[in-house]
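Visitor: Fold the following.
(2 chains)
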Amino acid sequence: MKKPKFQSPTGMHDILPEDQKYFKKIYDVVSSVADFYGFSKIDTPVLEDAEIFSRGTGEATDIIKKEMYILKTKGGDFLALRPEWTPSIIRAYIEHGMYNLPQPVKLWYFGPCFRYEHPQAGRYRQFWQFGFEVIGEKNPVIDAQIIQICYNILKELKIKNLIVEINSIGDNQCRPYYKKLLTNYLKSREVSLCSDCKRRIKENVLRVLDCKEEKCQIIKSEAPQILDYLCDECKAHFKEVLEFLDEIELPYNLNPYLVRGLDYYTKTVFEIFYLDSQSEKDIGNALGGGGRYDKLVKVLGGKDVPAAGAALGVERIVELMKKENIEVLEKEENFPVFLAQLGSLAKKKSLRILEDFRKSKIKIAESLGRDSLKAQLNKANKLNVKYCLIIGQKEALDNEVILRNMETGHQETIKIENVVEEVKKRLKK
RNA sequence: GUGGCCGUAGCUCAAUGGUUAGAGCUUCGCGCUGUGGCCGCGAAGGUUGCGCGUUCGAAUCGCGUCGGCCACCCCA
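Guide: Okay, here's the model as predicted:
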């Protein structure tokens, strides 16, 4: 019989105790910022009807074409592990009739997503996202405010050198015309394009703008830019978004080539990058991104309600915090007291003492499984406690404990009934 | 899905194709019958990711596979 050797599935990882502090820190910051801006938290099922994503996120996107985890239920329904949150939240908005609430409805979330991809650093099959959705408001100030919220959260996490790449990809009024124009232009230069771009012309023209292939750069630079072809409404909207960003002095880079991979975006799209302090270039993966999606609610069967939102990747932020040596204080302070015991009578009394401390909300550590005093003090030392209570056979019989100051080594004997008070007194000093 | 680099103890790493794969850290125990840190001694921990081949002999070479990283693709 072969010994089974299990490991976590490809691209999925344990979040070990030593990393929990980063997740908790991020959660706390997101939670308080969201609260300040008037967002309410929402949780949705990890599984959803797969069609929510194929209709919402879009059939043409990589996420839907090849990255969804889909399972068939015994009843024959197809459910998908969410590859992103937005369609789930819109589903909930519609399902619970949230258009009867004061608009806009502002929601935030924090939880895992799943995409079947080839994993790399900062790119996993199970990864955590948090984000914000504002549903029921078309005013461009919302677009700017969402960007500001993302930016503020990263700033509060002490991440510096951030840059927001921003663009507008128009709406149903103007984008079809631009796409036709771009297609015609690219077709006239098709011979000089890379093979991927030749394919993109047919499948998703806008993505050509995102190509990093050198020979495509020149063609790109002379291509018609969407900003020049926005309809009046989109143009005015985008101008206002930028004015709001200028007003709050948020550093952004107008990037006419920024095209997001999700189908539902209209007008504003943006991504947030970290600039490497040496090279001054953005490194690798976006920390987050988002934009406006005015048609999604309708597409998913709701009313014609405008919306905008953003999502950020928790693991990518954690990775940056580690790389930049950003200190995260352990919220959980160390144990101030340790209880060491010797002998069966003392062990029995220990349980009562521990209970007294718990009631008084003083954290007390122990190692009841160990019988050697030496081993117990060793453990106490590793926990860096200030005081150690020692109870042996003699003390147990006299209803006493020894209180040892671990810094000075000074010891005194006190009555068990006074021990909580005495420790409390000393910890206050 | 395509291509490249890499997998040795919990961690960081050694070991020309040649005895029984080693060291530091960590963990546990002993020195000290009831007193921590330091020190000394000791133990535990490995099918060298896994499988198949080449060879008298494989951690080392080959093929496959799994996993990690990188690029493409795309995004968080």
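
Visitor: Which residues belonging to stretch A:354-373 are considered buried?
Guide: A:354, A:357, A:364-367 (16 or more other Cβ atoms under 10 Å). Where you see a C-beta, it was placed from the backbone N, CA and C, and this is true even at glycine.

Visitor: now the strands for the stretch 251-400 of chain A?
Guide: Per DSSP state E, counting those that start in this stretch, the stretch 251-400 of chain A carries strands over the ranges A:252-254, A:266-274, A:288-292, A:307-313, A:337-341, A:364-366, A:387-391, A:400-405.

Visitor: I'd like those strands as TSV, with mean pLDDT appended.
Guide: Formatted as TSV, the strands of the stretch 251-400 of chain A follow (pLDDT from 0 to 100):
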stretch	mean pLDDT
strand A:252-254	93
strand A:266-274	93
strand A:288-292	95
strand A:307-313	97
strand A:337-341	95
strand A:364-366	94
strand A:387-391	96
strand A:400-405	96
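
Visitor: got the contact list for stretch A:53-62?
Guide: A:63-65, A:68, A:80, A:82-84, A:86-87, A:90, A:203-204, A:261-264, A:296, A:299-300 (Cβ atoms under 8 Å, 6 or more residues apart in numbering).

Visitor: I'd like to know which of those are buried.
Guide: Buried, going by 16+ other Cβ under 10 Å: A:63-64, A:68, A:80, A:82-84, A:86-87, A:90, A:204, A:261-264, A:296, A:299-300, out of these.

Visitor: Filter the contacts of stretch A:53-62 down to the ones in helices?
Guide: Counting by DSSP state H, the contacts of stretch A:53-62 place A:63-65, A:86-87, A:90, A:203, A:296, A:299 in helices.

Visitor: Those residues: which two are farthest apart?
Guide: A:Ile90 and A:Glu203 (25.5 Å; Cβ to Cβ).

Visitor: A:Cys234 belongs to a helix, doesn't it?
Guide: Yes: according to DSSP: H, G, I helix; E, B strand; the rest coil, A:Cys234 belongs to a helix.

Visitor: Just to check, it is in contact with A:Cys174?
Guide: Yes: using Cβ atoms under 8 Å, A:Cys234 is in contact with A:Cys174, at 5.8 Å.

Visitor: out of these two, which sits in the busier spot?
Guide: Applying other Cβ atoms under 10 Å to A:Cys234 and A:Cys174 shows that A:Cys234 carries more neighbours, namely 23 against 20.

Visitor: wait, does stretch A:402-421 contact RNA strand B?
Guide: Yes: for stretch A:402-421 and RNA strand B, the contact criterion (Cβ under 7 Å from any atom of the strand) is met by A:402, A:404, A:406-407, A:409, A:411.

Visitor: Would you convert those into JSON lines that also reports neighbour count?
Guide: Listed next are those as JSON lines, based on neighbours: other Cβ atoms under 10 Å:
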{"residue": "A:Ile402", "neighbour count": "16"}
{"residue": "A:Arg404", "neighbour count": "20"}
{"residue": "A:Met406", "neighbour count": "17"}
{"residue": "A:Glu407", "neighbour count": "9"}
{"residue": "A:Gly409", "neighbour count": "7"}
{"residue": "A:Gln411", "neighbour count": "11"}
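
Visitor: Contact residues of the stretch 151-300 of chain A facing RNA strand B?
Guide: A:196, A:200, A:204, A:207, A:210-213, A:259-262, A:271, A:284-289.

Visitor: So chain A: which segments form each domain?
Guide: Segmentation of chain A into domains, based on automatic domain parsing, reads A:17-174+A:230-323, A:337-428.

Visitor: and among those, the most buried is which?
Guide: Burial of these is given as mean neighbour count (mean count of other Cβ atoms under 10 Å); domain A:17-174+A:230-323 ranks first at a mean of 18.

Visitor: Looking at the buried residues of stretch A:354-373, spot the one nearest A:Phe130.
Guide: Using Cβ to Cβ, A:Ala365 is the member of the buried residues of stretch A:354-373 that lies nearest A:Phe130, at 33.4 Å.

Visitor: hey, what's the closest one bridged with?
Guide: A:Phe338 (DSSP bridges).

Visitor: what's near enough to touch it?
Guide: Taking Cβ under 8 Å, 6+ apart, one finds A:335, A:337-339, A:379-380, A:383, A:385 in contact with A:Ala365.

Visitor: please redo it, this time with the cut-off set to 10 Å
Guide: Contact partners of A:Ala365, counting by Cβ atoms under 10 Å, 6 or more residues apart in numbering, are A:334-340, A:354, A:376, A:379-380, A:382-383, A:385, A:388.

Visitor: One more: A:Asn253?
Guide: Contacts for A:Asn253 were tallied using Cβ under 10 Å, 6+ apart; they are A:163-167, A:270, A:273, A:282.

Visitor: Widest-spaced pair of those residues?
Guide: A:Asn167 and A:Asp282 (14.9 Å).

Visitor: circling back to that earlier point, can you convert the ones in helices among the contacts of stretch A:53-62 into CSV and add a column each for distance to A:Pro306 and pLDDT?
Guide: Below are these laid out as CSV (distance: Cβ to Cβ, whole Å; pLDDT from 0 to 100):
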residue, distance to A:Pro306, pLDDT
A:Ile63, 23, 86
A:Ile64, 23, 85
A:Lys65, 27, 81
A:Thr86, 14, 96
A:Pro87, 16, 96
A:Ile90, 12, 97
A:Glu203, 28, 72
A:Leu296, 9, 95
A:Val299, 13, 95
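
Visitor: Out of those residues, flag the one nearest to RNA strand B.
Guide: Nearest to RNA strand B among those: A:Ile63, at 6.4 Å, using Cβ to the nearest atom of the strand.

Visitor: in terms of contact, does the closest one touch A:Arg115 like I think?
Guide: Yes: using Cβ atoms under 10 Å, A:Ile63 is in contact with A:Arg115, at 6.4 Å.
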